[in-house]
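# Sequence first, predicted model second:
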Amino acid sequence: MFQRSFSRNRNRKWQGNNNRARRSVLRGQNSSVSPSQYINKVQPQEGIETYTVLHNFSDFRLDERILNNIVARGYDKPTPIQDQIISHALEGKDVVGIANTGTGKTAAFLLPIINKILQNRAQKVLIMAPTRELAMQIEEELRLFSKSLNIYSILCIGGTSINRQIHFLRQNPNIVIGTPGRLKDLINQRFLSMNQFETVVLDEVDRMVDIGFIKDIKFIVSLLPQNKQSLFFSATITDDVDQIIHSFAKSPITVSVKTKETAQTVEQDIIKVNSKEEKIQKLDFLLRQEEFKKVIVFGRTKWNVERLARALQQKGFLAGSIHGNKSQGQRQRTLAQFKQNQLQILVATDIAARGLDINDVSHVINFDEPNSYTDYVHRIGRTGRANKQGKALTFVS
Ligand code: AMP
């Protein structure tokens, strides 16, 4: 089954193209594209039923003004996670959404939250996310869904001025969106009090744990009031994640939208390489192909990523990099350029790319292999989003 699927993939990609030079460049002298765990493990599983969406947005008891903003945002039907979570969240229940990025989980929690605030302007909501980029994306989405509704939010993330954040916190925003490290600093300096939050969202809890925020999360969560609504999102539920959820959720409703969506919308393949030079040569070749329009290339370390981005720039590619050694401002600029198609290639480390929501990424290239299978799934999830087709290629030596 595995071998058959693999051949089919390969045939679709490379056969029918009589360009021998192209094949030999990609395969090298004595190697051929060979199957690996990356393809094997993410094959769509037989027997998983496709979820049929049961509602229209207008079926939920959402404020008319929110419905208008959803239309303006261009959303036609709810995604499966939205379909299953919105009513429960609107009823005030605690919810656990097992969903990765690309499933529409952000709107699944933002829409009920905005509705809650419209019903009671004194509502205070805390949204915690693992990375600065994800926190910024949540805020961007929030702005679109709460357009003209006078809902105020503040972004509390590292890498930006804490004084500005303190200033805006004093103005009593409805929603605080932050990363655990900066939130903890603000709490410790007594500029942020946790007992005001009646609703809390923990987004991508598994990644927060992966990054090493578990102590900070437990600290922050321990300060939240007993009586509150909690919404959790995580691509996987590990023991640590489960412990966090059950430390303060009240019989949560669990909704699972598995990564099979990623498997179905991302065509995956492997490119075998024998040396570093060959890797660069093949990457160069691929990036010059017409279809490689918007590509994220993953490297393993900050240094590798920076070196690769520079090498690509020297070859004339429009490439930028994001990794932990870049300032917040630099990262934001690069990201904006990539989003607006001013850059063809974004070279990134796993951490820097976590949770990025970029439309129409045509390819993900794993220039360095990921450290774990979880990282692999996160990486390839940058493409094939919102049911568009994407491709993921992994260099294997
Ligand atoms: P998320 O998983 O929240 O990061 O969302 C992934 C992408 O899907 C984002 O670009 C969203 O704007 C888009 N999206 C979310 N919900 C819908 C929807 N109901 N219809 C169309 N696109 C959506």
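All right, it came through fine. Residues are numbered from 1 along each chain as shown.

# Excluding sequence neighbours, find me the nearest residue to residue 116.
With sequence-adjacent residues excluded and distances taken as CB to CB, 6 or more residues apart in numbering, residue 116 is closest to residue 123, at 5.4 Å. Every residue, glycine included, has its C-beta placed from N, CA and C.

# Backbone torsions only: list them for that neighbour.
Phi and psi for residue 123, reported as degrees, to the nearest 10, are phi -60, psi 140.

# Over to the one 3 residues further on?
Its backbone dihedrals place residue 126 at phi -110, psi 130, with angles given as degrees, to the nearest 10.

# How about the contacts made by the nearest residue to it once chain neighbours are set aside?
Closest residue to residue 126 in three dimensions, ignoring its sequence neighbours and counting by CB to CB, 6+ apart: residue 197, at 4.3 Å. Contacts of residue 197 were listed using CB atoms under 8 Å, 6 or more residues apart in numbering, and they are 124-126, 176, 224-225, 228.

# what sits against residue 356?
Residue 356 sits next to 101, 133-134, 137, 335, 382 when contact means CB under 8 Å, 6+ apart.

# Closest one to residue 180 out of those, please.
residue 134 (12.0 Å; CB to CB).

# mind checking which helix or strand the closest one is in?
Secondary-structure assignment from DSSP states H and E places residue 134 in helix 132-145.

# Name the next helix or strand downstream of that helix, please.
With elements assigned by DSSP H and E, the helix or strand that comes after helix 132-145 is strand 153-156.

# How about the residues of the stretch 1-150 of the chain by the ligand?
Residues of the stretch 1-150 of the chain lying near the ligand by CB under 6 Å from any ligand atom: 75, 78-79, 82, 101-107.

# Redo these as a markdown table? Include neighbour count and pLDDT.
Putting these into a markdown table (neighbours: other CB atoms under 10 Å; pLDDT from 0 to 100) gives the following:
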| residue | neighbour count | pLDDT |
| --- | --- | --- |
| 75 | 17 | 93 |
| 78 | 23 | 94 |
| 79 | 22 | 91 |
| 82 | 29 | 95 |
| 101 | 23 | 77 |
| 102 | 23 | 77 |
| 103 | 25 | 84 |
| 104 | 19 | 91 |
| 105 | 26 | 93 |
| 106 | 25 | 95 |
| 107 | 24 | 97 |
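
# Take those residues and keep only those in helices.
82, 105-107 (DSSP state H).

# quick one: residue 88 is in a helix?
Yes: going by DSSP: H, G, I helix; E, B strand; the rest coil, the assignment for residue 88 places it inside a helix.

# Just confirm it contacts residue 95, I think it does.
Yes: contact between residue 88 and residue 95 holds when scored by CB atoms under 8 Å: they sit 5.3 Å apart.

# Find residues that contact each of the two.
Residues touching both residue 88 and residue 95 (CB under 8 Å, 6+ apart): 253, 255.

# what about the two, which has more around it?
Summary of the neighbour comparison: residue 88 and residue 95, criterion other CB atoms under 10 Å, with residue 95 having more neighbours (24 against 17).

# just for the stretch 151-300 of the chain, where's the confidence low?
Within the stretch 151-300 of the chain, the ranges that satisfy pLDDT under 70 run 258-264.

# gap between residue 301 and residue 393?
In this structure, residue 301 and residue 393 are separated by 20 Å, where distance is defined by CB to CB, to the nearest Å.

# which one of the two has more residues nearby?
Legend: neighbour count by other CB under 10 Å for residue 301 and residue 393, higher for residue 393 (26 against 12).

# Give the residue spans of the stretch 1-150 of the chain that score low on pLDDT.
Residue ranges of the stretch 1-150 of the chain with pLDDT under 70: 1-50.

# Touching, residue 341 and residue 294? I think so.
Yes: taking CB under 8 Å as the contact criterion, residue 341 and residue 294 are neighbours in contact, 6.7 Å apart.

# residues in contact with the helix or strand encompassing residue 66?
Secondary structure from DSSP H and E places residue 66 in helix 64-73. The list of residues contacting helix 64-73 from outside it, by CB under 8 Å, 6+ apart, reads 57-58, 62, 107, 111, 114-115, 118, 144-149.

# From these, list just the buried residues.
The neighbour-count test (16 or more other CB atoms under 10 Å) applied to the contacts of helix 64-73 identifies 57, 62, 107, 111, 114-115, 118, 145-146 as buried.

# quick check, nearest of these to the ligand?
The shortest approach to the ligand among the buried ones among the contacts of helix 64-73 belongs to residue 107, at 4.7 Å (CB to the nearest ligand atom).

# any idea whether residue 237 is helix, strand or coil?
The three-state label given to residue 237 by three-state DSSP is coil.

# got the contact list for the closest residue to it other than its chain neighbours?
Excluding its sequence neighbours, the residue lying closest to residue 237 (CB to CB, 6+ apart) is residue 98, at 6.1 Å. By CB under 8 Å, 6+ apart, the contact set of residue 98 is 233-237, 254-258.

# How much space separates residue 98 from the ligand?
Residue 98 is 13 Å from the ligand, where distance means CB to the nearest ligand atom, to the nearest Å.

# now residue 197
Between residue 197 and the ligand the distance, using CB to the nearest ligand atom, works out to 22 Å.

# From residue 319, how far off is that residue?
As judged by CB to CB, residue 197 and residue 319 stand 41 Å apart.

# my guess is residue 360 contacts residue 294, does it?
Yes: look at residue 360 against residue 294 with CB under 8 Å: they come within range, at 5.8 Å.

# Settle it for me: which of the two has more neighbours?
Neighbour tally, residue 360 and residue 294, criterion other CB under 10 Å: the higher count belongs to residue 294, 19 against 13.

# list the contacts for that one?
Counting by CB under 8 Å, 6+ apart, residue 294 makes contact with 338, 341, 344, 358, 360-363.

# Among those residues, name the buried ones.
Neighbour-count burial (16+ other CB under 10 Å) is assigned, among those, to 338, 344, 358, 361-363.

# Return the member of these nearest to residue 285.
Proximity of these to residue 285 was ranked by CB to CB; the top entry is residue 363 with 13.1 Å.

# Which phi and psi values does that closest one adopt?
Dihedral angles phi and psi of residue 363 (degrees, to the nearest 10) take the values phi -140, psi 140.

# That one is in contact with residue 292, isn't it?
Yes: judged on CB under 8 Å, residue 363 makes contact with residue 292 at a distance of 5.4 Å.

# No more questions from me, cheers.
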